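A.B. asks: Pasting the sequence and the predicted model now:
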Amino acid sequence: MTGRALVVLSAFMLAPAVARSDAASPEPAPQGSAPAGTATPQVPPKVAERTDFLLTLTTLDALHKKGVMSDEEYAAALRDMITVGQRAATSPTFVIGRFVTTIYGYLEGDVIHDSQRAVLDSYGGHPTLNLPGTVPGDNGRTTFSSRGTRLGLRFSAPEVAGVRARGNFEMDFVGNSPFNPSLRPPNGTESAFFTNPTPRIRHALMQVESDIVTFWIGQTWNVMAFEAAYLPTSVQPQGLPGQLFGRNPQVRLSRIFDAKVFSVEIAAAAVRPPQMDSELPDFQGGLKLNINGWTGVQSIGSTSTTISPASVAVTGAIRKLKLATAAAVNGVSSGANTNSTASVTGSAIAVDAFVPVIPAKERGGLAISLLGEATTGSGYSDLFAGLTGGVAIGQPTGITAANYAVFQDIDPGMAGWDRNGILRTVNWRTLLLDAQISYGKVVLAGNYSNVYSDNIDLFNAGATGSWFHQTWWDANLIVDPWPGVRFGIEYARTLQRKVGGALANNSRVFFAGFFLF
């Protein structure tokens, strides 16, 4: 490092101390009073007066109480970090000048046992269960995992001319690993999958907010179900059976109209399309009503407990799916012609509600709350976690599966070619109910869901068969014995009715420990 660079670096390191002293700059030391190279460097007065590189460690709660953050900014910050609930108020927060950065997240350890071999580890969703009388159907699986461990950073820039910018980055370790332990070597190993998990982006989002509208761009929750507002209580990770759940890259506009007694949020977004070859984005929009004076304790997912107002939301989505149709290629009738396509339109509507039965304005006393979600539509299975119904995409009449495989450019479960060679979407109806009781540091919660398709029998089944009806329920006990520490245990039961009438089932015991920060 050159001498000039050392002087500049020293000036920046010493500027805070100089800025707090009575003199703008120190007097130079007399010649010969100190060994060469040890004299205090000269700091220009304008540099000494700057405070934008002063670093302060604090919390959002402290900034709010000191008036540095407005009520609106504080509420927005807690919404962005809902994954840790009320813990977000005291998460480590760094202030450099007027830029605010908060670190949040949790360390997670899971122990899971399933009565059959249908779920790889902690993320269940909607797997196609195996029938009794088979090796995977009659034998269970026990896994230990820390892949759900999560780290988040929230950034907030100073307001300029009434415009406020903020960003949110969140990651965990449930990425698409190149290994598949179900296939075993040489395709993968269990050790590599569980002990060297792959990081993934959960949120990577920028928001630019004014008094008129908030502009969003990046990956975050879908608009459907106003996601984070209606996550049910469960020890196992979200994406429960029958639950709208997902994050996607998107461009969104939203606005909250606050009338104090109640508030209304409106949002509309162009979201990553479920099939990029369809050329059109997924269009989602919604309306949410909050009754601000009617609040209750809401435990969201496995790690967040907070105070939320009673609310109801209606959301919807519309999307286009397009596949190549049958035609002769070079005179061979079993080929496919990419110049000829057929399109179908998928759509969905959802209604969500949170109702405090025994209201509360803070956690501690007895509080009871209910949450519910109902959806109906067609071609929207990708808005759930792993929902396919076990159906195959298929191919047009007269084309072999091998020749058409390259044109099956959609995820299964949304649409496909039925047995009559007609391209159609898969119909779904879902219902999810959640009840939660909170008292002191203990939360009891139970969930029930029902998933049904009335046309899945028209499609060809996948390798493990297709199913048209699923019921699921669970019971959860969550305890917060010390600050930042949470334990939970859950028992869950899944019943799945296959096309043809056979019944598959799975029982799950899930124990988890969390350290939240």
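C.D. replies: Sure, I can see it. Residues are numbered from 1 along each chain as shown.

A.B. asks: Might one say that residue 138 is in contact with residue 132?
C.D. replies: Yes - applying C-beta atoms under 8 Å as the test, residue 138 and residue 132 come out as touching, 6.2 Å apart. Placement of C-beta: from N, CA and C, glycine included.

A.B. asks: mind listing the strands for the stretch 151-300 of the chain?
C.D. replies: When secondary structure is read from DSSP state E, counting those that start in this stretch, the stretch 151-300 of the chain shows strands at 164-172, 200-209, 214-221, 247-258, 262-271, 282-300.

A.B. asks: JSON lines for the ones you listed, including distance to residue 360, mean neighbour count and mean pLDDT?
C.D. replies: Below are the strands of the stretch 151-300 of the chain laid out as JSON lines (distance: least, C-beta to C-beta, whole Å; neighbours: other C-beta atoms under 10 Å; pLDDT from 0 to 100):
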{"stretch": "strand 164-172", "distance to residue 360": "28", "mean neighbour count": "19", "mean pLDDT": "97"}
{"stretch": "strand 200-209", "distance to residue 360": "29", "mean neighbour count": "18", "mean pLDDT": "97"}
{"stretch": "strand 214-221", "distance to residue 360": "25", "mean neighbour count": "18", "mean pLDDT": "98"}
{"stretch": "strand 247-258", "distance to residue 360": "22", "mean neighbour count": "17", "mean pLDDT": "97"}
{"stretch": "strand 262-271", "distance to residue 360": "19", "mean neighbour count": "17", "mean pLDDT": "97"}
{"stretch": "strand 282-300", "distance to residue 360": "5", "mean neighbour count": "21", "mean pLDDT": "97"}
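
A.B. asks: can you redo these as JSON lines with distance to residue 504?
C.D. replies: Below are those laid out as JSON lines (distance: least, C-beta to C-beta, whole Å):
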{"stretch": "strand 164-172", "distance to residue 504": "29"}
{"stretch": "strand 200-209", "distance to residue 504": "30"}
{"stretch": "strand 214-221", "distance to residue 504": "31"}
{"stretch": "strand 247-258", "distance to residue 504": "29"}
{"stretch": "strand 262-271", "distance to residue 504": "33"}
{"stretch": "strand 282-300", "distance to residue 504": "30"}
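
A.B. asks: Just tell me which of these ends up closest to residue 517.
C.D. replies: Nearest to residue 517 among the strands of the stretch 151-300 of the chain is strand 164-172 (13.5 Å), distances taken as C-beta to C-beta.

A.B. asks: elements contacting that closest one?
C.D. replies: Counting contacts by 3 or more C-beta pairs under 8 Å, 6 or more residues apart in numbering; DSSP states H and E, strand 164-172 is packed against helix 71-80, strand 150-156, strand 200-209.

A.B. asks: Now tabulate the ones you listed in CSV and tack on distance to residue 90.
C.D. replies: Shown next, in CSV, are those (distance: least, C-beta to C-beta, whole Å):
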stretch, distance to residue 90
helix 71-80, 11
strand 150-156, 14
strand 200-209, 21
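
A.B. asks: quick one: which of these is nearest residue 516?
C.D. replies: strand 150-156 (9.6 Å).

A.B. asks: any idea of the mean pLDDT in the closest one?
C.D. replies: Across strand 150-156, the average pLDDT comes to 97.

A.B. asks: so what strands line up beside the helix or strand where residue 430 lies?
C.D. replies: Using DSSP states H and E, residue 430 sits in strand 427-439. In the sheet, strand 427-439 lines up against strand 367-378 (antiparallel), strand 442-452 (antiparallel) (DSSP bridges).

A.B. asks: would a markdown table of these with distance to residue 119 be doable?
C.D. replies: Converted to a markdown table, the strands paired with strand 427-439 look like this (distance: least, C-beta to C-beta, whole Å):
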| stretch | distance to residue 119 |
| --- | --- |
| strand 367-378 | 22 |
| strand 442-452 | 16 |
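
A.B. asks: pLDDT below threshold where in the chain?
C.D. replies: Along the chain, the model assigns pLDDT under 70 to residues 1-41, 43, 46-53, 122-124, 180, 182-188, 326-338.
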